[in-house]
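Asks: Starting from these lines, generate the structure:
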Amino acid sequence: MTMTSSAIGQEGTRNNGRHLGVALAVIAVAQLMVVLDATIVILAQPRIQTALGFSDSGLEWVTNAYALAFGGLLLLGGRAGDLLGRRRMFVIGLLLFSAASLAGGLATSQAWLLTARTVQGVGGAIVAPTALALVATTFPEGPPRNRAMGVYAAMSGAGGAIGLIAGGLLVTYASWRWVLFVNVPIGIAAALAAALVLPAAARRPGLDVGLDLPGAITGTGGVAALVYGLSNAATSPDGTSHWGDAKVVASLAVAALLLAAFALVEARSRHPLLPVRLVRDRDRLGANLIMLGVGTAILGIFFFVNLFAQEVWGYSPLKTGVTFLPLTIALVVGSAAAARLVPWIGARPLLVAGSAACAGGMYWLSRVTEHSTYADGLLGPGLVIGAGLGLLFVPLQLVALARVDESDSGVAASLLNAGRQVGGSIGLAVLGTVAWTVFADTTRAARAHATAAVAGPAGVHTATVNTAAVNTAAVNTAAVNTAAVNTAAVNTAAVNTAAARQAVYQHALAVGFDRAFLVSAGIAVLILVLAIAMIRVRRADLNGGSPGRVEALRAYFRQRAPKTPYQLR
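Replies: Numbering: from 1, shown residues only. Predicted coordinates:
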């Protein structure tokens, strides 16, 4: 009986294993599609503004509408997967995302496009947490799950950079509408494949509890208000701060009240949307705080490097997208290395190494100037930052889901995704404030210096011309010559002024963005401190209960070592 049962179990494992590769491909493609959609639209925004007549402030909502819905509904989307079935919600989210992408690509008005982007965010908020939960529940603990997490992490981390590359290609060779249309066939194909290869979770008695409606309302509203307030808080390029604007203060105040109410509701609820036990774990709390910091630092990097390449170096959208390719490759390589190293050395050394690499790469990036080239300004920092992110993402996801009951895996995954999303909003607000404040101050200082330098010579030149006009004998000839000289001087001055203004603009942008990159490096140092202080997870918790490879080797050699006479007795 035992041998027969074992044989049947091994055969079932082999049959199930045939679908694991396809299942991982489906989950990875879906996650990539959702993540890249946050950046693929960035390079298409100028074309969208021209086609649909958006104002500068209205154009921001093409990005903000997606971010608000996505960030606000992540917790609800993850819990819905736990309650209603992860495969079911994963397929629903993909179909909803695909339908909204089709509608957005067909948009002929601003309201139409913004509505479609909001629905896209809803679909993404369902897909992202259920995708990570499906990795945790489909793949057994140990090396199989570590490898799957490596692929998932590579897609999650590289999605932003791939979005910029794909956006540049589609905008250059097709139309802005294709940055949305491209999701339709991918999403439908992934949904059909998911229905065939992903396991359907059996209903569990403890999950027939309904939805925590008060928690859903306060949690969703609080995160949405926080993202909205931060999205409107950054200083504008003219140096005007918006942190004191009424809508920003009101939004952040509402967010604080709703999130405080959410914490009280969850602490007293019998069936909470976010079980308190998930945030009481020191390692899990540390992983989520680190992901918050990663989101804060990295989205600003993508945003400002994109602007720097186009505005300072004059790169096309396509060429700008291609500049992120080395970072993407380094991130994929780093993720693969982390998946292999976790069983040997555990999560903490990888988190320390990854955060240190990110801090060093961001500091290196802060040295770039308007006179730098791609090879000496962006290539090296991009490779270092990409490798560091790859080392971070895999252990963060493993730690966040370690020792989590299967019934809570969706909401645990959504918490990690929410940290990254909220972190991105914080990053754009804080780094944007730093960058544009320094830009405005540098521009004003340069103009004041130029005005002071020109004032003296202009007065001398005027005196010389007046004296020449008085002393000349041939008044008419002198008048003609003076007019010709003045016209030439005005034209030359206009050319010089335009060139000088452009030089001042590019220098001020470089200085402002460098300061933002330096702040990002400081955030990475804070991540390093968190990794050292908070992460204590055991290797066995990441390896399905088995000891790490290093401990296993040590035990093996201890057993093989010759025994002393005392040990033999």
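Asks: where does R536 land in three-state SS?
Replies: Following DSSP: H, G, I helix; E, B strand; the rest coil, the label given to R536 is coil.
Asks: before we move on, which element is the closest residue in space to it that isn't next to it in sequence in?
Replies: Leaving aside its sequence neighbours, R536 sits nearest to D283 (Cβ to Cβ, 6 or more residues apart in numbering; 6.1 Å). Just so you know, the C-beta spots here come from the backbone N, C-alpha and C atoms, and that holds for glycine as well. Assessed by DSSP states H and E, D283 sits inside helix 282-311.
Asks: what comes up buried for that helix?
Replies: By 16 or more other Cβ atoms under 10 Å, the buried positions in helix 282-311 come out as 283-310.
Asks: residues near the closest residue to T138 other than its chain neighbours, how many?
Replies: Leaving aside its sequence neighbours, T138 sits nearest to A23 (Cβ to Cβ, 6+ apart; 5.7 Å). Residue neighbour count, defined by other Cβ atoms under 10 Å, stands at 23 for A23.
Asks: Which helix or which strand is home to A23?
Replies: Going by DSSP H and E, A23 is in helix 2-40.
Asks: neighbouring contacts of the helix or strand just after that helix?
Replies: Using DSSP H and E, the helix or strand that directly follows helix 2-40 along the chain is helix 45-52. With contact meaning Cβ atoms under 8 Å, 6 or more residues apart in numbering, helix 45-52 is reached by 41, 54, 56, 59, 62-63, 107-110, 113, 171, 175-176.
Asks: now the angle between helix 282-311 and helix 45-52, please.
Replies: Orientation note: helix 45-52 sits at an angle of 70 degrees relative to helix 282-311 (axes from the mean of the first three to the mean of the last three Cα atoms, to 10 degrees).
Asks: Which of the residues in helix 45-52 are classified as buried?
Replies: Across helix 45-52, burial judged by 16+ other Cβ under 10 Å covers Q45, I48, Q49, L52.
Asks: can you give me the helices for the stretch 201-350 of the chain?
Replies: Under the criterion DSSP state H, counting those that start in this stretch, the stretch 201-350 of the chain carries helices at the ranges 213-231, 246-268, 277-280, 282-311, 317-322, 325-345, 347-365.
Asks: pLDDT averaged over the helix holding A23 - what is it?
Replies: Mean pLDDT, helix 2-40: 67.
Asks: just stretch 198-205 next, same as before
Replies: 64.
Asks: Check stretch 526-546 too.
Replies: 83.
Asks: hey, C-alpha coordinates of it in PDB?
Replies: C-alpha atoms of stretch 526-546 as PDB (Å, rounded to 0.1, in the frame of the first residue of the first chain):
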ATOM      1  CA  LEU A 526      18.000  53.600   4.700                       C
ATOM      2  CA  ILE A 527      16.900  50.300   3.000                       C
ATOM      3  CA  LEU A 528      20.300  48.900   3.900                       C
ATOM      4  CA  VAL A 529      19.800  49.800   7.500                       C
ATOM      5  CA  LEU A 530      16.400  48.200   7.600                       C
ATOM      6  CA  ALA A 531      17.700  45.000   6.100                       C
ATOM      7  CA  ILE A 532      20.400  44.700   8.700                       C
ATOM      8  CA  ALA A 533      18.100  45.700  11.600                       C
ATOM      9  CA  MET A 534      14.900  43.800  10.800                       C
ATOM     10  CA  ILE A 535      15.500  40.800   8.700                       C
ATOM     11  CA  ARG A 536      16.100  37.700  10.700                       C
ATOM     12  CA  VAL A 537      14.300  35.000   8.700                       C
ATOM     13  CA  ARG A 538      15.800  31.500   8.800                       C
ATOM     14  CA  ARG A 539      17.000  29.800   5.700                       C
ATOM     15  CA  ALA A 540      14.800  26.800   6.600                       C
ATOM     16  CA  ASP A 541      11.700  29.100   6.300                       C
ATOM     17  CA  LEU A 542      12.600  29.800   2.700                       C
ATOM     18  CA  ASN A 543      13.600  26.300   1.800                       C
ATOM     19  CA  GLY A 544      10.400  24.400   2.700                       C
ATOM     20  CA  GLY A 545      11.600  23.600   6.200                       C
ATOM     21  CA  SER A 546      14.900  22.000   5.100                       C
END
